[in-house]
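S.K.: Here is my input; please provide its structure:
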Amino acid sequence: MKKLFLKLLPIVAVLFPDLKLEEGTQKLELDEEAKKKLDAEAGQDGFAEAFMKYYNDEYLQTNAEANEAFSQFMEALNQDGPTVETADANAEDIEVNDPQEVPTADAKTWAQKLNAVVKKADALLKTNAQLAADNEKLKVLPEEDEPEAVIKINTSKQNTVPHSKTHLFSSGKSWDSLDRPWNERAAKAKPGQIKGATVWNKVNIDKLNEDLGAFARRNPSEIMSLLMDGYSIPSNWRIVSNVQDEFVFASIVTGEITQGFKRGWLPKNNQRFVPIKNKIFDKQIDITWEPSELKSIEKTWLNMFFNEGSTPYKMSFAGYLLNELRKKARKEDKITIFKGVHYDSALLPEGVPGAFMNSMDGFLKLISKYRDVAYKSHSLGKPTEENIYDYVTNWVKQLPYDFRILPGLRLGLSGDWHRAYHNAREAKKGTNTDYDANNVSVDQFENIKFQPLEQINGSDFMYITTDDNIGLMVDVPGEEDVFTIEKRRRLIDAFADYKIGVYFKALGAAVDPNAPLDYENQIFFSNDVEVVTDVYVPVASNDATPTVADHSALIIGANNTAATNITQLDDVVAGEFYYLYGNSDTNISTVVNGANIVLDGAANFALNKGNLLVLIGLADGKVIEYSRTLAGETPEPIKVQLAADATVADAAEGTWFVTQDNTAATAITTIDNALEGEVYTIEGVSDANSTTIANGGNFLLTADFTASDGAYLKVRYNGSKFVETKRG
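M.R.: Residues are numbered from 1 along each chain as shown. Now for the predicted structure:
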């Protein structure tokens, strides 16, 4: 300890050139700031306190000349001696064995050499400490180019984006080099002072093209798939990879096997394999960035640096471009996984890209293909908010008992219907002492968990199956985010190719392939409502007899080269609904009333853009009109007829109320069961003792209202009063 102390004593003196000994006692005293500095230099908390204690309690007691030697050393050192920062870095190292050996006659030389030693030691200590800190950070750093923390800029100050002399974010990466004008502008930008734009000439296009390629190759983890990120795609859906075309599951179906004892050999085992062929679909992403587009995107990227809600620190311009495309592609994938309807893009006119909704057959489209073909559905009708609780409960009770009690069952439904079920359950059982608002199971059936699917909101479809029966197919995991970058003149092209599909392991089948479907021989159950009626496939140009074999909803017109009359639908199935939707105001297709298409009032229907015609299939291959809607046409609201002399309307019956002849003067005073934010209409159709509404009480109006023939009043309920919004 003593030898180490003797070596440390002069170093401490150099670190604290203004150090004073306690007057009268000659004890060494370090203030709190000095203690912290010495602890930091030693790399150990409490070192300064221990050093002082040893000097004062041990060294002074055993070294009579120590105080004099130390004082001489301090005096000599402070006589114009250089500081640690200005000492000669090349001075020779020296070793101090005892304070008495300090050469006071040549203090300046001594101080120079000692300072050099301390400076080297100090540099090494700092370097080692920094390396140790960096190693600790690297241990927990998830990816090379992810920020350690989100740094928010105080827009009231003139902060700049972090950078070194050569690179944005001090990253050292080629794509962050300040010789890129977009990076240079980011480095110099201040809040509210982003001006100008990069001139996207050949040189800069070449640089960005190089950056895109380098970023895509070096940062594959930055461009990662969102297919199974827990949002919208059920976490229990498994992913099967290395599927190039089809993925076949074969389930075995076994008939009854046991029998009572009887002499003789009487085998009756009857089994067969039922294959389910699941097809995977090819998808592609083709991108071209033009200079004008790059200017707009660059501006957005730069502005984000000073938007505290979405600061893209350490996000290079190349990464930003690719990441935004990736996010959009994955969003579209999530929609098509559930609602996509495949259409062969090769059938489209030359140069016309296919719609993303037509890139694959999604979950609901496969249901329409398999339902009542591979499994038998339940005829439950459409759910309503009033019957949803009983709808689900009664359906579950109809399931075969052996299936209904299996563990790990899932009831899939839209997020809207899931919320409606819980609202109805709370209204029915919310006052029960055992009510659990957070229960995720079907009431009374804890083994059947809800599977809410936000992507099928708007659909009334529901299903029940085992939790491992449905999944996704891909070819090469992650290939959907691998981009190839190419340059073409003053343009940049990027493209990606990948495959994806939805699979079922099993649906249902009987031992006898000719036997009718029944619930006892299936593992997938659903209701029988219509599905994917709002997703359309295009019709080839000038097709007078479009087929509905592949899909029941057709979008017609945009591919036409001439006006076309539709006289028949091919491949019609009796009882099916068919939806014809116009998407062009030129070269229009017109549905013609005739032998094969029966229209209301024998009136032809032109499929102008936005017009919709709904037809029902008949047994002989014909179709008959069910409804028609013109573009921009608002459906006629359901009007509630008020009773004569009614003074109260009931919002539970509707939102549009029509008065009638009263036997005496009558005034409406309120609307019962009104919902906050809802608009209600009161319409008059008679002048006999017309109903009135006074400006007061529950109504806040511009003036009293009289519901004479043709007059109407619209009010919005604010939670306490009905406020006038319009009258006429």
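S.K.: where along the stretch 251-400 of the chain do the strands fall?
M.R.: Applying DSSP state E, counting those that start in this stretch to the stretch 251-400 of the chain gives strands spanning 271-279, 281-289.
S.K.: tell me which strands and helices the last one is in contact with?
M.R.: Read that as strand 281-289. helix 317-339, strand 491-504 (3 or more CB pairs under 8 Å, 6 or more residues apart in numbering; DSSP states H and E). In this view, the C-beta of every residue, glycine as well, is placed from N, C-alpha and C.
S.K.: surely Thr288 meets Ile492?
M.R.: Yes. Using CB atoms under 8 Å, Thr288 is in contact with Ile492, at 7.2 Å.
S.K.: Those two: which is more packed in?
M.R.: Ile492 (24 against 12; other CB atoms under 10 Å).
S.K.: How confident was the prediction at that one?
M.R.: Ile492 is assigned 87 on the pLDDT scale.
S.K.: Just give me the neighbour total for the closest residue to it other than its chain neighbours.
M.R.: What sits nearest to Ile492 in space, not counting adjacent residues and going by CB to CB, 6 or more residues apart in numbering, is Trp289, at 4.5 Å. Each residue near Trp289 was counted by other CB under 10 Å, and the total is 20.
S.K.: Ok, Pro407 next?
M.R.: Neighbours of Pro407 (other CB under 10 Å): 9.
S.K.: got the residue ranges for the helices in the stretch 601-728 of the chain?
M.R.: Using DSSP state H, counting those that start in this stretch, the stretch 601-728 of the chain contains no helices.
S.K.: That one: strands as residue ranges?
M.R.: 605-606, 612-617, 623-629, 639-641, 648-650, 656-658, 670-672, 679-683, 692-693, 699-700, 705-706, 712-717, 722-727.
S.K.: Can you tell me which of the ones you listed is nearest to Arg217?
M.R.: Closest to Arg217 of the strands of the stretch 601-728 of the chain is strand 612-617 (CB to CB; 48.2 Å).
S.K.: List the strands paired with that closest one, with their directions.
M.R.: strand 577-582 (antiparallel), strand 623-629 (antiparallel) (DSSP bridges).
S.K.: Backbone torsions only: list them for the residue nearest to Glu520 when sequence neighbours are not counted.
M.R.: With sequence-adjacent residues excluded and distances taken as CB to CB, 6+ apart, Glu520 is closest to Pro400, at 5.5 Å. The phi/psi pair for Pro400 (degrees, to the nearest 10) reads phi -60, psi 140.
S.K.: can you tell me how far Pro400 sits from Leu517?
M.R.: From Pro400 across to Leu517, the span is 13 Å (CB to CB, to the nearest Å).
S.K.: quick one: which of the two has more around it?
M.R.: Neighbours were counted for Pro400 and for Leu517 using other CB under 10 Å; Leu517 has more, 17 against 13.
S.K.: What helix or strand is the more buried one located in?
M.R.: Assigned by DSSP states H and E, Leu517 belongs to neither a helix nor a strand.
S.K.: burial count for the closest residue to it other than its chain neighbours?
M.R.: Leaving aside its chain neighbours, Leu517 sits nearest to Lys376 (3.9 Å; criterion: CB to CB, 6+ apart). Neighbour count for Lys376, taken as other CB under 10 Å: 21.
S.K.: Please apply the same query to Ala50.
M.R.: 12.
S.K.: Same question for it, what's its three-state structure.
M.R.: Taken by DSSP: H, G, I helix; E, B strand; the rest coil, the conformation at Ala50 corresponds to helix.
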